[in-house]
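Student: my questions concern the predicted model and sequence given below.
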Amino acid sequence: MEVLRSYRRNAVHVRQALDQLRLDTGKAGVERGYSQDAGLMERYKRLSIPVRRALNSADRASFEQALAAVASASMVDPGQLSVVTRSWQDFQQECASTVGLGGSKVPRGQILQDWLGAAAFYDTLDRDKAYDRLIDQWGTAAEGMGAQLTEQAAAVIVQLDTLAASVLGEPVILPPPPKTPPPPPDPDEKWWKRLLRL
């Protein structure tokens, strides 16, 4: 059941990011001559990181591993499991479907992976240029498609999290983890640097 606990800890971040995304409204702006949502990448960064983890089958918080653990549990509701499995299959079919971008047919799942990488590593100082590479490769259509698929993935992740909570006998919304205490002061640090931080 450690797989489910890891999955649930990651799903907490998905739920929080979805709530924040619903509260934040976009601000219109112009980028490269196109009218677009000025803070789109910053708003999706918080959601893209836990979604990216859940979609990575090798991660401890993997959706696939958690779904397998829930399916093998003795106390699972078969009706709810069927709904989650069907939602996951629909999402997988959506990712496998292709769209014409840049003169070729591209699987939507590839655009989602590129979008999640660009959003997760988005830097307002543009040091990495992941977002620029995304737009150069797929065009501005990748933004809307990536955002839509990210939200669709997040909805399925939350569905499985709700089912995992019932299997584990935990509340659906987990309490926040205890705060990590600050690290001890660096013994080699100068005393006047410590005073400047205060």
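Tutor: Good, I have the coordinates.
Student: now do the strands in the chain.
Tutor: Assigned by DSSP state E, the strands in the chain fall at 28-31, 34-37, 98-101, 104-107.
Student: what residues sit buried inside stretch 74-91?
Tutor: Burial within stretch 74-91, assessed by neighbour count using 16 or more other CB atoms under 10 Å, is assigned to 76, 80-81, 84-85, 87-88, 91. Any C-beta I mention is one placed from the backbone N, CA and C, and that applies to glycine too.
Student: ok, of those, which one's closest to residue 19?
Tutor: residue 87 (19.9 Å; CB to CB).
Student: how about the closest one, nearest residue that isn't a chain neighbour?
Tutor: residue 156 (4.8 Å; CB to CB, 6 or more residues apart in numbering).
Student: what's the burial count for the one you found?
Tutor: For residue 156, the neighbour count with other CB atoms under 10 Å is 23.
Student: over to residue 190?
Tutor: For residue 190, using other CB under 10 Å, the count is 9.
Student: okay, buried residues for the longest helix belonging to the chain please.
Tutor: Once the chain is assigned using DSSP state H, the helix that runs over the most residues is helix 141-168. Neighbour-count burial for helix 141-168, counted by 16+ other CB under 10 Å, picks out 142-143, 145-147, 149-150, 152-154, 156-157, 159-165, 167.
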